[in-house]
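Asks: Below is the sequence, then the predicted model.
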Amino acid sequence: MATETPALFLSQIERYYPQSDGPLEILRKADFAIWPGELVALVAPSGTGKSTLLHVAGLLESPDSGEVFIGGVPTSQLDDKGLTRLRRTEIGFVYQFHHLLPEFTALENVVLPQRIRGLGKAEAESRATELLSFLGLGDRLDHLPGELSGGEQQRVAIGRAVANAPRVLLADEPTGNLDPHTSLHVFNTLVALARASGLAAVIATHNLDLAARMDRQVTIRDGMVVPLG
Ligand SMILES: Nc1ncnc2c1ncn2[C@@H]1O[C@H](COP(=O)(O)OP(=O)(O)OP(=O)(O)O)[C@@H](O)[C@H]1O
């Protein structure tokens, strides 16, 4: 593994937010690497910086210092266009709330990111159908998000996140809005899909039972990413 390139490498990341009494330091020289095919749980108390870390990792927020490498490529010198291209092709996001487009069907929600990336309609629909079938939604392709249950909506969101076969999947409490039974089902589906696709995935969760099923568990302590426990 030592010679392999990490799917994602955060090097010496600093992130602080300005406040009236001085900067609030959230990440302090944080280092974190995740390897292709590895599933890592991020378990940390509220307010310690999980979302901040995921936003920096996903190129949604720039760190105040440090470097984010995606597949070994440094990103700090990229302009907005370069960052957007990397986000579209290399990174998938799943949030606590599904954020599906309400006027588009399940299939269309998974087709759309592929079309934006430039794929043809037939190819994008074929991949979306395959993904949604894997996610147990083969008979829900033409349903609008409002016609789906919370767990089904979240599974469509997972399909959308991996539609462009990203290198890294980042999930911020992806089952936090679901009841325990549905949460377990959605989590299992997410893990199965990540494993089947060889994705590197970072999943932030407060659920220790779910976290224990990942390859590795990390937390944030004093602004740094450290093994949990
Ligand atoms: N834009 C911002 N400006 C100022 N402070 C912020 C900003 N974003 C986040 N913070 C603060 O930074 C800290 C970390 O926020 P973050 O959202 O990363 O926490 P978290 O660990 O994801 O929490 P939770 O589990 O509750 O979602 C919090 O104290 C938050 O109030």
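Replies: Sure, I can see it.
Asks: can I assume Ala41 sits in a strand?
Replies: Yes - when classified by DSSP: H, G, I helix; E, B strand; the rest coil, Ala41 is found to be part of a strand.
Asks: and it, how far is that from Phe187?
Replies: According to CB to CB, to the nearest Å, Ala41 stands 10 Å off from Phe187. Bear in mind the C-beta positions are built from the backbone N, C-alpha and C, glycine included.
Asks: Next, show the common contact partners of these two.
Replies: Shared contacts of Ala41 and Phe187 (CB atoms under 8 Å, 6 or more residues apart in numbering): Thr205, Leu210.
Asks: tell me the strands in the protein, going along the chain?
Replies: Shown for the chain, the strands assigned by DSSP state E span residues 8-17, 24-34, 39-42, 65-70, 73-74, 91-94, 168-172, 200-204, 216-221, 224-227.
Asks: What is the shortest one packed up against?
Replies: Pointing back at strand 73-74 there. Helices and strands touching strand 73-74, by 3 or more CB pairs under 8 Å, 6 or more residues apart in numbering; DSSP states H and E: there are none.
Asks: if we can go back for a sec, let's have the strands of the chain in JSON lines, adding distance to Leu83 and mean pLDDT.
Replies: Below are the strands of the chain laid out as JSON lines (distance: least, CB to CB, whole Å; pLDDT from 0 to 100):
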{"stretch": "strand 8-17", "distance to Leu83": "15", "mean pLDDT": "96"}
{"stretch": "strand 24-34", "distance to Leu83": "19", "mean pLDDT": "95"}
{"stretch": "strand 39-42", "distance to Leu83": "22", "mean pLDDT": "97"}
{"stretch": "strand 65-70", "distance to Leu83": "10", "mean pLDDT": "97"}
{"stretch": "strand 73-74", "distance to Leu83": "12", "mean pLDDT": "95"}
{"stretch": "strand 91-94", "distance to Leu83": "10", "mean pLDDT": "95"}
{"stretch": "strand 168-172", "distance to Leu83": "14", "mean pLDDT": "96"}
{"stretch": "strand 200-204", "distance to Leu83": "19", "mean pLDDT": "96"}
{"stretch": "strand 216-221", "distance to Leu83": "24", "mean pLDDT": "96"}
{"stretch": "strand 224-227", "distance to Leu83": "22", "mean pLDDT": "96"}
